[in-house]
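Peer 1: got a predicted structure plus its sequence, pasted below:
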Amino acid sequence: MAFMPSRRGSPAASEQAWVSDTAVGDAVARFASAWESSSSAPDLVAYLPASPALRRVTLIELVKVDLENRWLRGDHPKRLGQYCEELPELRRWPLPPDLLYEEFHIRRRSGESVEASEYTQNFPGQAGELDELFGTGEYHSTVLHRGETTLSVSPGSGGTLDDLEVGQRIDDFDLVTGLGRGAFARVFLARQRSLQRMVAVKISLDHGTEPQTLAQFDHDYIVRVFDQRLLAGRDLRLLYMQYVPGGTLLDVVARVRETPPDSRSGAVLLDAIDRALVGRGEIRPSESGVRREIAALTWPETVAWLGRRLAEALDYAGRHGVLHRDVKPANVLLTTEGVPKLADFNISFSRNVAGSSPVAYFGGSLAYMSPEQLEAIHPDRPGAPGDLDTRSDLYSLAVVLWELLTGRRPFDDSDAELRSHPPGDRTTLDAMLARRRGPDEPAADALPADCPNALRRVLLKSLAPAPKDRFSSGAELAQQLDVCLDAHARDLVDPPPGSWRLRMRRWTHPIMFLAIAVPNLLAILYSYQHNSTLIISKLPPAAQENFERITRIDYTVAFLIGAVGTVSMVIYLTMVAGGLRRGRVYTGAQLARARRDTLLLGQRCALLCLGLWIVSGLVVPITLEVSGSQVPWNTIVHFTASQLVCGAIAVVYPFFFVNFYAVRCLYPVFLRHGEISASDARMLKRLGRRSTFFLAAAAAVPLLGIAGATFIPPEDLPRVIVALRVLCVGSVIAFVAAYWMFRMLSEDLHALERVVSGAPRHE
């Protein structure tokens with residue numbers, strides 16, 4: 001039951017407010033409208049569709065509308081037997097028990113005295129099911145609500161919901177206007193006299209634990225339940241809660257269908273809300289930062305904005321041990337500013353479902369149900385209500401978001417034989433399960449052209465047939481929808497097809513090798529040329545030979561150690577990234593380690609390079625001393641100083657090259673999978689601070705080269721002037737490249753930080 005705005009007047013008008021422009025719903029809506037506007041009964045046959053697949057369900061729904069109007073208006077009431085005589089198609093199948101009960105209930109409401117035995121005797125084929133309906137006082141049927149196929153429960157003959165009218169005072173509440181009506185509850189806008197405030201009042205049969213559970217909820221995106229009261233002597237419960245006047249997402253879906261895809265934006269959501277406000281006599285907010293934010297969004301971003309908040313609501317409920325089980329557009333209310341609030345948790349069996357029958361459990365809309373929820377109410381499948389978890393609600397949310405995005409649901413159930421039977425209609429459930437668990441994914445090409453790849457990925461993953469392949473929690477889904485809302489972050493996480501970042505993800509080892517090896521090779525070449533000119537050439541022949549041999553061995557060993565060390569740093573990352581591409585599932589701890597190692601990769605490589613150059617600067621002099629070579633101490637100092645300059649070159653530039661690749665191409669791969677922890681935000685901040693430090697070091701490299709030149713004897717300057725110029729000019733060029741990468745890296749880090757800094761959100 002949702003707090004839907006309803007039109008006062010005939011039941012046909014109420015029916016029209018609930019149906020949509022689906023094939024069956026359109027026929028029912030037009031027929032109901034004809035009843036409302038005509039002074040005589042319209043021709044039912046004229047509203048039947050030509051499609052055989054839809055004709056039967058439409059005929060049954062039209063008969064229900066016709067029955068209700070004829071009996072409650074007193075306009076030539078008819079019995080089902082007369083319909084069968086006039087409509088031969090009805091005689092082809094046994095009349096559905098719920099249609100028989102519909103007539104029984106309408107006759108009772110109209111004041112006629114009727115006994116249940118009349119129906120069980122006249123329809124022996126349905127006697128068993130009718131006995132169950134009449135005996136329990138509960139009525140399970142398939143009811144069209146704006147094109148949704150919903151299993152609902154209505155009061156038995158002793159119920160008093162129909163006695164409620166606008167203008168009455170019920171307990172502490174004056175009923176002001178009707179907001180909506182379901183099969184076993186009615187919702188009114190009411191004035192609470194004791195507190196002089198407007199509230200939404202839901203009056204229903206007294207069963208279940210909904211109020212006790214919902215009253216404990218305190219979340220920005222869940223309708224706030226204030227309290228409950230039992231109406232003495234009437235077997236009714238009165239639940240009063242926060243009044244949310246902006247309509248529902250069902251109104252937004254209708255507005256989306258009216259709007260061409262290329263004209264949709266956040267204004268569509270605001271327009272639907274304003275229409276609801278006008279219909280209720282509410283005032284549109286004049287100044288609202290939230291509305292300005294929504295107005296600036298594209299339509300896919302608007303859908304992600306709504307979805308992120310609803311995912312947080314489901315995460316909050318899930319952490320409190322509650323499943324919604326009926327997530328659909330009609331159950332998402334909207335504030336005047338456009339903030340969604342989840343309502344109508346079907347939680348009677350949330351905490352204790354063991355032993356509950358599927359009939360008792362079932363309360364949602366078939367079209368929005370996850371495969372495991374459909375299986376739980378299938379009479380021949382092993383699934384049970386206790387098998388469900390939050391991932392089932394997240395599946396339903398994904399169906400809602402898909403419908404918001406495109407104007408239609410991801411699975412076409414129009415040709416399913418949605419017969420009016422109690423829960424257990426094998427034909428309907430089998431057909432729907434086959435679609436949802438078939439080999440084909442939902443038609444991604446049905447998504448609008450401006451739908452970001454990130455949102456496409458999130459929706460398809462959320463609609464995976466197996467729960468293990470979906471997001472594990474509402475917080476995880478909310479984080480991924482946050483990615484969709486940040487243009488920079490979503491371009492990093494889900495690059496467009498053909499992007500260089502997408503292609504480079506498969507070349508981690510070669511890229512890492514080049515990023516580290518090239519600066520080190522250049523540093524080695526400079527060091528060797530510099531030392532050969534200023535140091536080795538001045539040594540005795542024996543010392544020259546030893547110095548050169550030891551230096552070559554040292555550089556070779558250091559280079560091999562660096563290569564092995566680099567491979568060891570990236571082997572785990574490439575293994576996990578490759579596994580994810582192949583569809584392998586990793587634990588949250590494994591993914592967290594991959595993200596951490598990626599953000600530390602540049603620092604570790606830099607430290608490895610620095611350590612090897614320092615060791616080399618110490619090993620060569622020590623080896624020469626041990627070998628007996630007589631090398632002057634000033635030569636050793638000069639050599640060590642040149643090693644430090646070359647070490648700076650070999651450390652600073654690989655840091656930027658490696659991090660530029662890691663943050664742009666590697667880290668986003670792991671960001672798509674698994675819940676992001678708060679430690680990610682801290683690591684991103686630290687990487688930003690390290691980048692600033694290394695940028696300063698990069699600026700110091702040419703200064704170190706110039707400073708070192710002042711210690712070269714004047715007579716040696718002509719021999720090294722070319723090398724010094726190459727060092728200085730090359731360092732300046734490298735600094736410009738490092739600065740550009742620093743700017744790009746900073747933007748990337750800030751975008752990623754915006755996404756992960758608030759995760760997980762528990763508002």
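Peer 2: Now that the structure is in, tell me what you want to look at. Since this is a predicted model, take the numbers as computed values, not measurements. Numbering: from 1, shown residues only.

Peer 1: all contacts plus neighbour counts: C-alpha atoms, from now on.
Peer 2: OK.

Peer 1: leaving out the residues flanking it, which one is nearest to Pro385?
Peer 2: Ala376 (5.5 Å; C-alpha to C-alpha, 6 or more residues apart in numbering).

Peer 1: do the same with Leu238
Peer 2: Nearest residue to Leu238, sequence neighbours excluded (C-alpha to C-alpha, 6+ apart): Ile203, at 4.6 Å.

Peer 1: kindly report the same for Pro300.
Peer 2: Cys451 is the one closest to Pro300 (C-alpha to C-alpha, 6+ apart), at 5.6 Å.

Peer 1: list the buried ones in stretch 495-503?
Peer 2: With burial defined by 16 or more other C-alpha atoms under 10 Å, the residues of stretch 495-503 counted as buried are 495, 501-502.

Peer 1: tell me the contacts of the residue positioned nearest the centre of the chain?
Peer 2: Taking C-alpha atoms, centre = their mean, the centroid of the chain lies closest to Leu477, which sits 4.0 Å from it. Listed by C-alpha atoms under 8 Å, 6 or more residues apart in numbering, the contact set of Leu477 reads 308, 311, 458, 471.

Peer 1: three-state assignment of the residue nearest to Pro300?
Peer 2: Secondary structure, DSSP: H, G, I helix; E, B strand; the rest coil: Cys451 is coil.

Peer 1: tell me the domain ranges of the chain?
Peer 2: Domain segmentation of the chain under automatic domain parsing yields 21-131, 249-493, 503-756.

Peer 1: Leu239: which of those is closest?
Peer 2: Closest approach to Leu239 among those (C-alpha to C-alpha): domain 249-493, 11.2 Å.

Peer 1: tell me the one of the contacts of Leu477 nearest Cys484?
Peer 2: For those, the nearest to Cys484 is Val458 (8.7 Å; C-alpha to C-alpha).

Peer 1: got the contact list for that closest one?
Peer 2: The contact partners of Val458, taken as C-alpha under 8 Å, 6+ apart, are 477, 480-481.

Peer 1: check Ala446 and give its pLDDT.
Peer 2: Looking at Ala446, its pLDDT is 79.

Peer 1: what's near enough to touch it?
Peer 2: Thr406.

Peer 1: from Pro329, how far off is it?
Peer 2: In this structure, Ala446 and Pro329 are 19 Å apart, going by C-alpha to C-alpha, to the nearest Å.

Peer 1: okay, now the unreliable bits of the stretch 451-600 of the chain?
Peer 2: Low-confidence segments of the stretch 451-600 of the chain, defined by pLDDT under 70, span residues 530-539, 543.

Peer 1: can you show me the helices along it?
Peer 2: Assigned by DSSP state H, counting those that start in this stretch, the stretch 451-600 of the chain shows helices spanning 453-462, 474-485, 487-493, 500-504, 508-534, 541-581, 588-627.

Peer 1: how near is Gly167 to Gly178?
Peer 2: Applying C-alpha to C-alpha, the value for Gly167 to Gly178 is 10 Å.

Peer 1: comparing those two, which shows the higher neighbour count?
Peer 2: The neighbour comparison of Gly167 against Gly178 (other C-alpha atoms under 10 Å) goes to Gly178, with 21 against 12.

Peer 1: how about Leu429, secondary structure?
Peer 2: Under three-state DSSP, Leu429 falls in the helix class.

Peer 1: then Leu179?
Peer 2: Classification of Leu179 by three-state DSSP places it in strand.

Peer 1: that one: neighbouring residues, count only.
Peer 2: Using other C-alpha under 10 Å, Leu179 has 23 other residues around it.

Peer 1: which of the buried residues of stretch 495-503 lies closest to Ala466?
Peer 2: For those, the nearest to Ala466 is Pro495 (26.2 Å; C-alpha to C-alpha).

Peer 1: my read: the closest one touches Asn453, true?
Peer 2: Yes - in terms of C-alpha atoms under 8 Å, Pro495 counts as a neighbour of Asn453; the distance is 7.4 Å.

Peer 1: got a list of contacts for stretch 197-206?
Peer 2: Here stretch 197-206 makes contact (C-alpha under 8 Å, 6+ apart) with 3, 155, 159, 161, 184-192, 230, 235-244.

Peer 1: buried subset of these as a PyMOL selection?
Peer 2: Listed next is the PyMOL selection for buried residues among the contacts of stretch 197-206, using 16+ other C-alpha under 10 Å:
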select buried, resi 3+155+159+161+184+185+186+187+188+189+190+191+192+230+236+237+238+239+240+241+243+244
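
Peer 1: so where's the stretch 201-350 of the chain shaky on pLDDT?
Peer 2: Residue ranges of the stretch 201-350 of the chain with pLDDT under 70: 206-215, 232-234, 346-350.

Peer 1: quick one: the strands in it, in order.
Peer 2: Taking DSSP state E, counting those that start in this stretch as the test, the strands found in the stretch 201-350 of the chain are 225-231, 236-241, 332-334, 340-342.
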